[in-house]
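>>> Have a look at this fold, sequence not included:
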């Protein structure tokens, strides 16, 4: 549509900042309301696969991401001692690398700078307190005392989305999978030139992921009780205990983990909003609508795809309702396919019984998924 829109993005994470950049570059007036008091990023590093890098190219930040991260093209599978079992080339989309690893704070800075340069307004320490959609616009009051009328409100506000709760109550609360993710940043070993996945029995898997020339992160997934929290004084020791069967590069990485505060522990949960992702002129995207387990490394990629396709749909359709309908019709099958396959891989790797539908998905597998997802969305 030709008329510039007023768009409120609720959430200043990877998806929200990508959307803000894309829309502001197209001439729309965009405000990002972020509950956190400053630009930070939880976690350690993140993988940007080729489809995510294509989005970064489209919003003009690919070069910045490549400069801040570590490009790689091969997934290496190892035994617990670090012996190489397989090297699997990863597909590319265009001239971008197959993947890069990048520190989350660095990616957040790149995207925030791009959004601001494009003309978007970033408001920190701010959330929605009142919202009323009359079908022609959305009247919003924010916690910083501001108020306004918006043509569109987009909830990129994460797995615990307050906006989702406003729309659906507790109907689509996060579902804990029974597993948790442990991650910690360590110095990069010279031989770690891409993701190195070491697998033991079905109770343990460890990944080494380069994120800069100097740094990589060690990640591992384990079954955990939902109420488990690491001991703040010995989280590094608890991680080492869980990875005791591993020698070689994983054990070497563990020797560099001496600060328990450096260990990031997060429960792995899933969200599947089965109802429409948009209600009137309010729409949920990214983890707020379809949070996945991390087993395909596609969570953030799905969020930035959501963002770019929403911007493209708003440009192509006659009005906001038509754009939201077209966007969801295009995004829902792909995002839910990723979610289902990622959950199936989790079950397979941990020896959890799978359904016939999951068995069919698993015939594609992780290498096959990479080839599917490198195709245009």
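Okay, I see it. Because the structure is predicted, anything quoted here is derived from the model rather than measured. Numbering: from 1, shown residues only.

>>> From now on I want contacts and neighbour counts done on CA atoms only, so please keep to that.
Fine.

>>> Was I right to think residue 215 contacts residue 190?
No: taking Cα atoms under 8 Å as the definition, residue 215 is not a contact partner of residue 190, at 10.1 Å.

>>> Which one of those two is surrounded by more residues?
The neighbour comparison of residue 215 against residue 190 (other Cα atoms under 10 Å) goes to residue 215, with 20 against 9.

>>> List the backbone torsions phi and psi for the more buried one.
The phi/psi pair for residue 215 (degrees, to the nearest 10) reads phi -130, psi 150.

>>> Now tell me what touches stretch 71-85 from outside.
Residues outside stretch 71-85 that contact it (Cα atoms under 8 Å, 6 or more residues apart in numbering): 86-91, 97-101, 193-200, 245-250.

>>> Let's see that with 7 Å instead.
86-90, 97-101, 193-200, 245-249 (Cα atoms under 7 Å, 6 or more residues apart in numbering).

>>> same deal with stretch 20-38?
Contact partners of stretch 20-38, identified using Cα under 7 Å, 6+ apart, comprise 4-12, 59, 114-115, 118-127, 308, 311.

>>> who touches the residue most central in space within the chain in this structure?
The residue lying closest to the centre of the chain (Cα atoms, centre = their mean) is residue 300, at 2.3 Å. By Cα under 7 Å, 6+ apart, the contact set of residue 300 is residue 14.

>>> And the helices in this structure, which stretches?
Ranges of helices in the chain, per DSSP state H, are 14-25, 50-58, 62-68, 104-118, 162-168, 235-242, 248-255, 287-290, 299-316, 320-349, 356-362, 365-373.

>>> Make CSV out of those helices and add mean pLDDT and distance to residue 267.
Shown next, in CSV, are these (pLDDT from 0 to 100; distance: least, Cα to Cα, whole Å):
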stretch, mean pLDDT, distance to residue 267
helix 14-25, 98, 20
helix 50-58, 96, 24
helix 62-68, 97, 27
helix 104-118, 96, 18
helix 162-168, 97, 19
helix 235-242, 96, 14
helix 248-255, 96, 21
helix 287-290, 98, 14
helix 299-316, 97, 15
helix 320-349, 95, 13
helix 356-362, 92, 22
helix 365-373, 86, 22
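
>>> want to try a markdown table for the ones you listed, with distance to residue 150 as columns?
Shown next, in a markdown table, are the helices of the chain (distance: least, Cα to Cα, whole Å):
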| stretch | distance to residue 150 |
| --- | --- |
| helix 14-25 | 14 |
| helix 50-58 | 25 |
| helix 62-68 | 30 |
| helix 104-118 | 18 |
| helix 162-168 | 15 |
| helix 235-242 | 45 |
| helix 248-255 | 49 |
| helix 287-290 | 20 |
| helix 299-316 | 14 |
| helix 320-349 | 11 |
| helix 356-362 | 41 |
| helix 365-373 | 33 |
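
>>> Of these, which is nearest residue 205?
Each of the helices of the chain has some distance to residue 205 by Cα to Cα; the shortest is helix 320-349, at 8.4 Å.

>>> Taking helix 299-316 as reference, get the angle to the closest one.
Interaxial angle, helix 320-349 versus helix 299-316 (axes from the mean of the first three to the mean of the last three Cα atoms, to 10 degrees): 160 degrees.

>>> tell me the contacts of the residue nearest to residue 373 when sequence neighbours are not counted?
Distances taken as Cα to Cα, 6 or more residues apart in numbering place residue 51 nearest to residue 373, at 6.7 Å, with adjacent residues excluded. Residue 51 makes contact with 93, 301, 373-374 under the criterion Cα under 7 Å, 6+ apart.

>>> Residue 257 too?
Shown in contact with residue 257 (Cα under 7 Å, 6+ apart): 186, 236.

>>> Could you do residue 134 as well?
Neighbour list for residue 134: empty [criterion: Cα under 7 Å, 6+ apart].

>>> switch the cut-off to 10 Å
The contact partners of residue 134, by Cα atoms under 10 Å, 6 or more residues apart in numbering, come to 280-281.

>>> can you check residue 369 too?
Counted by Cα under 10 Å, 6+ apart, residue 369 has contacts 296, 337-338, 341-342, 361-363.

>>> Can you say which of these are buried?
The neighbour-count test (16 or more other Cα atoms under 10 Å) marks 296, 338, 341-342, 361-362 as buried among the contacts of residue 369.

>>> Can you add distance to residue 287 and give those residues back as CSV?
Shown next, in CSV, are the buried ones among the contacts of residue 369 (distance: Cα to Cα, whole Å):
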residue, distance to residue 287
296, 15
338, 12
341, 16
342, 14
361, 21
362, 23
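
>>> just to revisit the earlier point, keep only those of the contacts of stretch 71-85 that are in strands.
The strands, defined by DSSP state E, take in 86-89, 99-101, 196-199 from those.

>>> Which one among those residues sits at the bottom for pLDDT?
Within the ones in strands among the contacts of stretch 71-85, residue 199 has the lowest pLDDT, namely 84.

>>> partner residues bridging it?
Beta-bridge partners for residue 199, by DSSP bridges, are residue 205.

>>> neighbours of it, just the number please.
By other Cα under 10 Å, the residues close to residue 199 number 19.

>>> again with residue 240
18.

>>> circling back: can you turn the buried subset of the contacts of residue 51 into a selection I can paste into ChimeraX?
In ChimeraX syntax, the buried subset of those is picked out as below (16+ other Cα under 10 Å):
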select :93,301,373,374
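
>>> Max pairwise distance over the contacts of residue 51: which two?
By the measure Cα to Cα, these have their two most distant members at 93 and 301, which lie 13.2 Å apart.

>>> what touches both of these two?
The contact sets of residue 93 and residue 301 overlap at 49-54, 373 (Cα under 10 Å, 6+ apart).
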